[in-house]
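>>> just a sequence and a predicted model for now, questions to come.
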Amino acid sequence: MLNYKIYKNKNKKSPGYGKFYARAVVNETKDIEQLAEYMSQHNTPFSKGVIKGMITDMVDSIRELTLSGTAVKLDNLAIFSVGIASKGAETGAGFTPAKHIKAYRLRARPTGKFNAHSLKTATHVQEQTEYQVQKKKKKTDPGTPQG
């Protein structure tokens, strides 16, 4: 079951300003160690240690391959590649990576059984029962002594 919470769009520049939207709630994050433990307990003959070693090597390989410009496809999950965010140059000759490339991103495009259609049909959602309000820290007046 995927929980979601409802939030109000407070971005005045957005066409959806003032409207309410759903946001998925992440309950926890599992690292490689925890994923290996989970997998070892779910219909596999491999130990946690063997699984952890394989996943660790896979992560290293995906990193190396994507950084060299190769996309890596994990069937029924995602195709991983590196993307570039850049700002425009007036001419092709005037383009320099140091000046025009703003960021590099790891892209993960769903593939196979993990596509948008199958996610929509397989996902069951419910609203989060409790919301924790994150209060903004009050700014202190620079002229006020602190104690």
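Here it is on my side, so go on. Being a predicted model, the structure only gives us computed values, none of them experimental. Residues are numbered from 1 along each chain as shown.

>>> drop to CA atoms for contacts and neighbour counts, all remaining ones
Fine.

>>> contacts only, for the residue sitting nearest the centre point of the chain.
Centroid-nearest residue in the chain: Ala108, 8.7 Å away (criterion: CA atoms, centre = their mean). Ala108 is in contact with 78-81, counting by CA atoms under 8 Å, 6 or more residues apart in numbering.

>>> which of those count as buried?
Among the contacts of Ala108, the ones that count as buried by 16 or more other CA atoms under 10 Å are 78-81.

>>> sitting in strands, which of the residues you listed do you find?
Using DSSP state E, the subset of these located in strands is 78-81.

>>> tell me which other helices or strands the longest helix anywhere in the chain touches.
Counting by DSSP state H, the longest helix found in the chain is helix 48-67. Based on contacts counted as 3 or more CA pairs under 8 Å, 6 or more residues apart in numbering; DSSP states H and E, the elements that helix 48-67 packs against are helix 32-40, strand 72-74, strand 78-86.

>>> so can I have a markdown table of those showing mean pLDDT and distance to Val125?
Below are those laid out as a markdown table (pLDDT from 0 to 100; distance: least, CA to CA, whole Å):
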| stretch | mean pLDDT | distance to Val125 |
| --- | --- | --- |
| helix 32-40 | 97 | 23 |
| strand 72-74 | 98 | 26 |
| strand 78-86 | 98 | 22 |
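
>>> show me what contacts the residue nearest to Ser86 when sequence neighbours are not counted?
Leaving aside its chain neighbours, Ser86 sits nearest to Ile101 (4.2 Å; criterion: CA to CA, 6 or more residues apart in numbering). The contact partners of Ile101, by CA under 8 Å, 6+ apart, come to 84-87.

>>> check the gap between Ile101 and Ala93 for me.
Distance, Ile101 to Ala93, using CA to CA, to the nearest Å: 15 Å.
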